[in-house]
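How does the following fold in three dimensions:
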Amino acid sequence: MKVRPLLIRTLKPLVRPIGFVLIARRQFNLPRWTSRQVFVAQRAIVVAWLDSHFAALEHGAPWLHRVGSDVWDYCSGLVPSPFQGNLFEPRRFASLGCDRGVIAVYGFDGDLTERLNQLREALSAAGWERTVWRSRAWVPSDSGQAFSWRPTAALSYPPGPDGRLSSERLRRAPSLWVSWCSRGQATSLQQHAHRTRHSTRNRLVLESSATEPGELPDAALEKHDHALAVYLNFRYPDLDSPARRRREPRYLLPTRPVR
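Numbers count the residues shown, from 1 in each chain. Here you go, the predicted model:
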């Protein structure tokens, strides 16, 4: 009789519960956390603040005609175990936060180079500057540009629930990407990686549009010479800190984190 298979069959029922106890942790209760009045107020501020960026862009470039938009808004919370992973990976700490992303698609007419220069001026007035090649002129064939944001007199930091303005509230600055195309060109529009995910114990979808973002550029080109897509992504400010994580609600029973 082989001893090893018998030993494995004997120890297997014992190893699984021990492994679960070592890896499982009480995860954040995202539905309870997001239903709190403080979070509801902060989310309303974030939504209004991101909308103000699009309003500033549309005010500076009135020749833009919005065709539609796509929104994804989700929160994620993860409490890993120190026994998870291997010795060669950096230790993972508990994390809790939310991200909101918006894609607005516009149609416009006129000379593409001239319109892109006007678009750059409108974005600059709202605090957006290109992250690379700032000194080089825009080239229509580039088809896209990335931007970083800085506060301006017209558009400053988002306030917290207490109404205070502070750069310390921004743990990650907003990011923006602009892409364009003309009639006869490919109109593929990339989706955000988290947009199609369903809610789990460690991820809660707060808002997700029913629109198909890939169809919006085609709709813009039906009436206009060019289509413009503006991607704006932002992580909620002042939500994730060690002190806050200790106070946030958690599920009663421990479970393994689901990414």
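
ok, Glu215 to Leu228 distance?
In this structure, Glu215 and Leu228 are 15 Å apart, going by CB to CB, to the nearest Å. No exception for glycine: its C-beta is placed from N, CA and C like everyone else's.

and these two? which has more neighbours close in?
Here Glu215 and Leu228 are compared on neighbour count by other CB atoms under 10 Å; more neighbours surround Leu228, at 25 against 14.

Pretty sure the more buried one sits against Val105.
Yes: Leu228 is in contact with Val105 according to CB atoms under 8 Å; the separation is 7.1 Å.

anything in contact with each of the two?
In terms of CB atoms under 8 Å, 6 or more residues apart in numbering, Leu228 and Val105 are both contacted by the residues Ala220.

which residues in this protein form strands?
When assigned using DSSP state E, the strands of the chain occupy the ranges 65-78, 95-108, 128-130, 144-149, 175-182, 203-208, 226-235.

Parallel or antiparallel, which strands does the first one pair with?
In the sheet, strand 65-78 lines up against strand 95-108 (antiparallel), strand 203-208 (antiparallel) (DSSP bridges).

do the last one as well
Listed by DSSP bridges, the sheet partners of strand 226-235 and their directions read strand 95-108 (antiparallel), strand 175-182 (antiparallel).

Kindly reformat those strands as JSON lines and extend each row with mean pLDDT.
Compiled in JSON lines, those are given as follows (pLDDT from 0 to 100):
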{"stretch": "strand 95-108", "mean pLDDT": "91"}
{"stretch": "strand 175-182", "mean pLDDT": "89"}
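
Helices of this structure, start to end?
3-23, 30-34, 37-60, 112-125, 216-223, 242-247 (DSSP state H).

rank those by pLDDT, which is bottom?
Taking each of those in turn, the one with the lowest mean pLDDT is helix 3-23, at a mean of 50.

tally of neighbours for Asp225?
15.

what bits of the stretch 101-250 of the chain have low per-residue confidence?
Using pLDDT under 70 as the threshold, the predicted model of the stretch 101-250 of the chain has low-confidence ranges 132-143, 160-172, 187-197, 213, 238-246.
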